[in-house]
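1. got a predicted model here, sequence first, then my questions.
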Amino acid sequence: MTVLKLTVRKNILSILQINMQAIQRKNNMAINTAQHAKLYISTLAAFLFLIAFTFVLNFPGLIAGPSKIQRSHSGTQPQKLQLSDAHGYR
């Protein structure tokens, strides 16, 4: 019986070692993937921040800039806008 117990224990230990190696390999792969994901996400965040910052700087100028309505000959009143039926106005 003791020889059988020793054989079973030896087999169980070898299975535990194989499982532990698999767990360590998967953990290393997960760490590597997380590092790559962090790099990609931070690069994308920096790029999107630059785009947002550009909009913050340029958008107020687009709103406050000169209007496209041309002045009439006297220069004091804007011309009438011609709205057609295609836009739903008369």
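-> Yep, it's here.

2. where in the protein is pLDDT low?
-> Confidence mapping of the chain against pLDDT under 70 gives the ranges 61-62, 64-90.

3. try it again at 80.
-> Segments of the chain classed as low confidence (criterion: pLDDT under 80) are 1, 59-90.

4. how close does I41 sit to A34?
-> Distance of I41 to A34, computed by C-beta to C-beta, to the nearest Å: 10 Å. For glycine as for every other residue, the C-beta is placed from the backbone atoms N, C-alpha and C.

5. and N19, by the same measure?
-> Between N19 and A34 the computed distance is 22 Å (C-beta to C-beta).

6. quick one, helices of the protein?
-> For the chain, applying DSSP state H gives helices covering 2-64.

7. neighbours of N58, how many?
-> The tally of other residues near N58 (other C-beta atoms under 10 Å) stands at 9.

8. and for I51?
-> 9.

9. one more: K10?
-> 10.

10. over to M1?
-> M1 has 5 neighbours, counted by other C-beta under 10 Å.

11. over to K5?
-> Neighbours of K5 under the rule other C-beta under 10 Å: 9.

12. now it: how far from S14?
-> Taking C-beta to C-beta, one finds K5 at 15 Å from S14.

13. same thing with L50?
-> 55 Å.

14. same question for I51.
-> Separation of I51 from S14 (C-beta to C-beta) stands at 56 Å.

15. for R25, same thing?
-> R25 is 17 Å from S14, by C-beta to C-beta.

16. can you check T43 too?
-> Counting by C-beta to C-beta, the gap from T43 to S14 is 44 Å.

17. S42 too?
-> Separation of S42 from S14 (C-beta to C-beta) stands at 43 Å.

18. and if you look at M20?
-> Distance of M20 to S14, computed by C-beta to C-beta: 11 Å.

19. and if you look at L57?
-> Computed as C-beta to C-beta, the L57 to S14 distance reads 65 Å.

20. again with F53
-> 59 Å.
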